[in-house]
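>>> the following comprises the amino acid sequence and a computationally predicted model.
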Amino acid sequence: MSVDFKKYIASVQNFPNEGIVFRDITPILQDGKLYRAATHELAEYAKSRGAEVIVGPEARGFIVGCPVATELGLGFVPARKPGKLPRETEKASYDLEYGSNSLEMHKDAIKPGQKVVICDDLMATAGTLHATKELVERMGGEVVGAAFYIELPDLKGREKFPDTDIFSLVQMEGA
Ligand SMILES: O=P(O)(O)OC[C@H]1O[C@H](OP(=O)(O)OP(=O)(O)O)[C@H](O)[C@@H]1O
Ligand SMILES: Nc1ncnc2[nH]cnc12
């Protein structure tokens, strides 16, 4: 099934801050066929990259990445916001379109040499991708790709990762 996913993304002006156009994927999630189709496209991509594990940043990266992992029979590793993981962690900080934050992963979550595809709903400035990739690499993992429902090309996230393969279902103009 070839789907025009853009039709199902809601654009909300001035959320969460003035000047931001929030791209809301919940209309995709609440339709079982669309959610499955989006998951399937990301799973085909991850398979083509030879993914051995899927990593997703909290929170929307869980919604996007977990079904990709289960479709492929792979494990899922969460990158969580600070203070949520109970065992020893690695931490990386990042800026995003509307603020800054940190992400943590359990230190033993990725095995040296393991091939990782990072999944998330959207790439804007790619600060989140940067932090997630840094955590994976600190543990000796290899990021073989990153997959998103939405990419905002005007924020030039892709240009920050000339050596990383990046896949997105749709590109949307504007910040
Ligand atoms: O490319 P960037 O500029 O880093 O922005 C993209 C990130 O921003 C959003 O997450 P957010 O931190 O708002 O968290 P949420 O998933 O918990 O809503 C989105 O889900 C991406 O992870
Ligand atoms: N414009 C945007 N819409 C939804 N999530 C985002 N995360 C960062 N920028 C975003």
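Noted; the coordinates are in hand. Ligands and ions are numbered 1, 2, ... in the order given.
>>> which SS state does residue 86 fall under?
Following DSSP: H, G, I helix; E, B strand; the rest coil, we place residue 86 in the coil state.
>>> distance of it relative to residue 139?
As for residue 86, its distance to residue 139 is 17 Å (criterion: Cβ to Cβ, to the nearest Å). For glycine as for every other residue, the C-beta is placed from the backbone atoms N, C-alpha and C.
>>> between these two, which has more neighbouring residues?
Relative neighbour count places residue 139 above the other of residue 86 and residue 139, with 18 against 7, counting by other Cβ atoms under 10 Å.
>>> that one touches residue 116, doesn't it?
No: look at residue 139 against residue 116 with Cβ atoms under 8 Å: they stay out of range, at 9.4 Å.
>>> what sits in contact with each of those two?
Each of residue 110 lies in contact with both residue 139 and residue 116 under the rule Cβ atoms under 8 Å, 6 or more residues apart in numbering.
>>> who's in contact with residue 105?
For residue 105, the set of contacting residues under the criterion of Cβ under 8 Å, 6+ apart consists of 55, 77, 78, 79, 80, 85, 89, 90, 135, 136, 139.
>>> which among those are in contact with ligand 1?
Of the entries in the contacts of residue 105, none also sits close to ligand 1 under the rule Cβ under 6 Å from any ligand atom.
>>> so which of those are in helices?
Among these, DSSP state H puts 135, 136 in helices.
>>> for the contacts of residue 105, give me CSV that also has distance to residue 25 and pLDDT.
What follows is the contacts of residue 105, written out as CSV (distance: Cβ to Cβ, whole Å; pLDDT from 0 to 100):
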residue, distance to residue 25, pLDDT
55, 19, 99
77, 21, 98
78, 18, 98
79, 18, 98
80, 20, 97
85, 25, 98
89, 28, 98
90, 28, 96
135, 24, 97
136, 23, 98
139, 29, 97
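>>> great, nothing more from me.
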